[in-house]
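> Sharing a model that was predicted from the sequence below.
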Amino acid sequence: MPEVKIKGSAVLECLQEIPCNPCTSACKVGAITKETLTSLPVLDTEKCIGCKMCVAACPGQAIFFIAKEPEKGTVEITFPYEYLPLPLEGQKVTAVDRTGHEVCEGTVVKVDNRKNFNKTNLVTLEVPGQYEDEVRFMKRLPREA
């Protein structure tokens with residue numbers, strides 16, 4: 001049975017030419033390839049089915065998943081979140097860029113902690129569409145007392 005493609009695609013922002021290949025191993029449809037163990041990964045967006053396994057597998061947190069919601073003027077950005085407490089669906093949070101600077105307010109759409117993500121939680125934020133290339137994470141939530 002063919003895989004069903006989920007709207008959106010992975011985004012690879014890996015800049016390190018180091019021996020690393022969890023993303024290629026995690027991608028069961030061969031959408032991510034590397035010429036050599038130390039070359040940068042390359043994504044074939046036509047093959048990407050949106051399973052997000054590569055997002056959870058990347059030890060450098062350099063892979064994100066972006067799904068556009070043009071009818072709403074928003075985007076959904078999925079990234080690994082390895083802190084506690086986990087945000088709650090519907091919660092308003094501060095979306096930040098790669099360097100931790102505040103960008104805009106976002107709404108948590110989903111917290112995904114599938115068993116096959118190997119204890120890496122994925123958080124999906126909905127943010128205004130104009131921040132698609134900026135937002136990559138959210139401000140860490142304060143620890144509960």
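Yep, it's here.

> give me the number of residues near D112?
Per other CB atoms under 10 Å, the neighbour tally for D112 reads 16. For every residue, glycine as well, the C-beta is placed using N, CA and C.

> That one: what's it in contact with?
Neighbour list for D112: K52, T78, N121, L122, V123, T124 [criterion: CB atoms under 8 Å, 6 or more residues apart in numbering].

> now do L141
Y83, P85, L86, P87, V93.

> which non-adjacent residue is nearest the last one?
This means V93. Nearest in space to V93, with sequence neighbours left out and distances taken as CB to CB, 6 or more residues apart in numbering, is M138 at 4.6 Å.

> Check which residues of stretch 77-90 are buried.
Within stretch 77-90, the residues scored as buried using 16 or more other CB atoms under 10 Å are I77, T78, F79, P80, Y81, P87.

> Can you give me the pLDDT of the first one?
I77 is assigned a predicted lDDT (pLDDT) of 97.

> Which strand or helix spans it?
strand 74-81 (DSSP states H and E).

> Contacts only, for F64.
With contact taken as CB under 8 Å, 6+ apart, F64 is in contact with A10, V11, E13, V55, I77, T78, F79, R136.

> For A95, the count of nearby residues, please.
22.

> got it, and I18?
The number of residues packed near I18 is 10, by other CB under 10 Å.

> And it, its phi and psi?
According to degrees, to the nearest 10, the main-chain angles of I18 amount to phi -130, psi 160.
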